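[1] Below is the sequence, then the predicted model.
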Amino acid sequence: MSATRDRRRPRTDREVFMAASVMSETGSFAGAPAALRPTDQSPLVYVVDDDEALRDSLQWLLESAGYRVATNPTAESFLLEYEPRAAVCLVLDVRLPGMSGLDLQQELKRRGESLPIIFISGHGGVPTAVEAIKNGACHFLEKPFGDAQLLSLIEQAAVRHNGVNAALQEPP
């Protein structure tokens, strides 16, 4: 396996397994092959969920897939650290203390942000999912969801987001 990889190509199951194995044995990616460790150039995924165990689990999963991850327990804390140019996707819980996930989606829309959002919820019904999608969410997942499903949706969102950003930067 080469030390670099094409970020447009999804990681193979073998690559994710190797990174996860190193992570589970050492608690970090220090011993992982360079191609599997997130770097400053790796795509950044934000995760906003009030469940600390879920945030930690998603961080581990996404880092094992080569993403940089920033986690936040609230929408307000996310807004304080959000870097629009670095992010490729937001994984967002519907129910949060303070500002809800749907309210955060509206705030980002009001600010003119085009960050793809994948909603996750253990409590969302059809009306909530419909509202989220109508307001521009890429997808709505009910908890519990599969790792492979989430990784695939994030990869799709990143490709979509990068394509939109490239189109916006092209001269007319």
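    Yes, it's here.

[2] show me where this structure has helices.
    Using DSSP state H, the helices of the chain run over 13-26, 52-64, 75-81, 101-110, 126-134, 147-169.

[3] Would you reformat these as TSV and include mean pLDDT?
    Listed next are the helices of the chain as TSV, based on pLDDT from 0 to 100:
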stretch	mean pLDDT
helix 13-26	46
helix 52-64	97
helix 75-81	98
helix 101-110	97
helix 126-134	95
helix 147-169	79
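
[4] can you tell me which of those helices comes nearest to residue 95?
    helix 101-110 (7.0 Å; CB to CB). The way it works is simple: take the backbone N, C-alpha and C, and place the C-beta from them, glycine included.

[5] Quick one: list the elements packing against that closest one.
    In this structure, helix 101-110 makes packing contacts with helix 75-81, strand 87-93, strand 117-121, helix 126-134, judged by 3 or more CB pairs under 8 Å, 6 or more residues apart in numbering; DSSP states H and E.

[6] Residue 94 and residue 39, how far apart?
    32 Å (CB to CB, to the nearest Å).

[7] swap that for residue 146, sorry
    Counting by CB to CB, the gap from residue 146 to residue 39 is 27 Å.

[8] ditto for residue 158
    Distance of residue 158 to residue 39, computed by CB to CB: 15 Å.

[9] neighbour-wise, which of the two wins?
    Here residue 158 and residue 39 are compared on neighbour count by other CB atoms under 10 Å; more neighbours surround residue 158, at 21 against 9.

[10] Let me see the contact set for that one.
    Contact analysis of residue 158 by CB atoms under 8 Å, 6 or more residues apart in numbering lists 43, 45, 88-89, 116.

[11] which of these are buried?
    43, 45, 88-89, 116 (16 or more other CB atoms under 10 Å).

[12] quick check, nearest of those to residue 133?
    Using CB to CB, the shortest approach to residue 133 within the buried ones among the contacts of residue 158 belongs to residue 116, at 12.1 Å.

[13] tally of neighbours for the closest residue in space to that closest one that isn't next to it in sequence?
    Once flanking residues are discounted, residue 116 sits nearest to residue 157: 3.7 Å by CB to CB, 6 or more residues apart in numbering. If you count neighbours by other CB under 10 Å, residue 157 ends up with 23.
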